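>>> what follows is a predicted protein model with its sequence.
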Amino acid sequence: MHPRFTKHGRFGFKGNPRNVNHSDGHNVYAGLPGSRIATARQLHQDPPLHALCPPVTSRERAALYVPEPCPVLRARDVDVRYGAQLAVQGANLTLMPGEVVAVTGSSGSGKSSLLHCLAGVVAPSAGSVSFEGREYGALGDEELSALRRERFGYVFQHGELLPELTVEENAALPLRLAGQRKGPAHRAATPVLERLGIGEFVERRVSQLSGGQAQRVAVARALVHQPAVVFADEPTGALDSVNAASVLDEFLTLARDHGAAVLLVTHDEGVSSYADRRYVMRDGRISLGRGVPSPATGEGTPRSAS
């Protein structure tokens, strides 16, 4: 009988294969078809494959798993109607954590109506809006108010600052509304104002500020409580071009440092160029801007009117 075959089968060994004599230097697996030729000496020296690539445990696999980020804000097939007028039709939009998204369009295109709906100020006539997976429609009035107050920030075209308050008091207002005492709230506002270059004006009234300075106060107020999303409606529309570029750059830099996502609504192409993604609104319909890859979710594509 051939030394590599036994009565137990063509490829079987009598007893444990480790009992086979290795002293002749023959490959004990040479009888197996397709096996590489290796001497017994090499079998002793080379580590087995499972030693080189040990199996991954379930705990290690869980540690290696990195889930994809979920949208912080999502609109699905949203309509906004004012009486007989359909201001927004079938809008789909997502906003990821830390992302800057611009919605552009001419006056009357529906972009501000969409922003008010996404900010929870106006309820959608159809469709749904959700924040971190929770639909606004499932929230009570108090929960929705707390969401707008604590998790959202707002920058408006004309600042909408309170003239009877100082710069510091305006900037600290969201913290005061959330229940913080005056001292801690003002201490939290100071470094934000300093980052925006207006730390020296904390005791001034709004009437004593230039347009660019006042808008920086509005930016500080929007970011002081570290919101998840900042809604900016024409944030530089009332400023000259030099101030507009400076304020916008400081605003978006500070927002990214705070980890806030930003939804910009503007008619200015220069402003929209700062965004990571851009949508265009026309006659109440939203679509992805030119050159922007279409996500697999079909966002930006309005549903067909029924």
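Looks like it came in fine. This structure is a prediction, so every number in the text was calculated from the model and none was measured.
>>> tell me the phi and psi of the closest residue to residue 182 other than its chain neighbours?
Once flanking residues are discounted, residue 182 sits nearest to residue 176: 7.0 Å by CB to CB, 6 or more residues apart in numbering. Every residue, glycine included, has its C-beta placed from N, CA and C. The phi/psi pair for residue 176 (degrees, to the nearest 10) reads phi -70, psi -40.
>>> isn't residue 176 up against residue 183?
No: at 10.9 Å, residue 176 does not count as touching residue 183 under the criterion of CB atoms under 8 Å.
>>> mind checking how far residue 183 is from residue 175?
11 Å (CB to CB, to the nearest Å).
>>> for residue 129, that is, sorry about that
26 Å.
>>> which is the next helix or strand following the longest helix along the chain?
Secondary structure of the chain per DSSP state H: the longest helix is helix 241-258. For helix 241-258, the following helix or strand on the C-terminal side (DSSP states H and E) is strand 261-266.
>>> that following strand pairs with which strands?
Take DSSP bridges as the rule and strand 261-266 pairs in its sheet with strand 100-104 (parallel), strand 229-233 (parallel).
>>> tell me the angle it makes with helix 241-258.
160 degrees (axes from the mean of the first three to the mean of the last three CA atoms, to 10 degrees).
>>> hmm, back to that, the more surrounded of residue 183 and residue 175?
Neighbour totals were compared for residue 183 and residue 175, and residue 175 leads with 21 against 9 (other CB atoms under 10 Å).
>>> mind checking the backbone torsions on that one?
The phi/psi pair for residue 175 (degrees, to the nearest 10) is phi -70, psi -40.
>>> that one contacts residue 185, doesn't it?
Yes: using CB under 8 Å, residue 175 makes contact with residue 185 at a distance of 3.9 Å.
>>> what does the longest helix of the chain contact?
98, 100, 155, 192, 195-197, 210-212, 215-216, 219, 223, 226-227, 230, 232, 235-236, 239, 262, 268, 270-271, 274 (CB atoms under 8 Å, 6 or more residues apart in numbering).
>>> same thing but at 7 Å, please
98, 100, 195-196, 211-212, 215-216, 219, 223, 226, 230, 235-236, 239, 262, 271, 274 (CB atoms under 7 Å, 6 or more residues apart in numbering).
>>> so which of those residues are in strands?
Among the contacts of helix 241-258, the members falling in strands (DSSP state E) are 100, 230, 262.
>>> what about those residues, which one has the most neighbours?
In the ones in strands among the contacts of helix 241-258, the most neighbours by other CB under 10 Å go to residue 262, 27 neighbours.
>>> what's the separation between it and residue 73?
From residue 262 to residue 73 the distance is 11 Å (CB to CB).
>>> same thing with residue 275?
According to CB to CB, residue 275 stands 14 Å off from residue 73.
>>> adding pLDDT and distance to residue 245, write the ones in strands among the contacts of helix 241-258 out as a markdown table.
Listed next are those as a markdown table, based on pLDDT from 0 to 100; distance: CB to CB, whole Å:
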| residue | pLDDT | distance to residue 245 |
| --- | --- | --- |
| 100 | 95 | 15 |
| 230 | 95 | 18 |
| 262 | 96 | 16 |
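>>> and of the residues you listed, the nearest to residue 148?
residue 230 (12.2 Å; CB to CB).
>>> excluding residues flanking it in the chain, which one is nearest that closest one?
residue 153 (4.2 Å).
>>> what ranges of this protein fall below the confidence cut-off?
Along the chain, segments meeting pLDDT under 70 span 1-56, 61-68, 290-306.
>>> mind listing the strands for it?
So, for the chain - with DSSP E - the strands run 73-82, 85-95, 100-104, 126-131, 134-135, 152-155, 229-233, 261-266, 277-282, 285-288.
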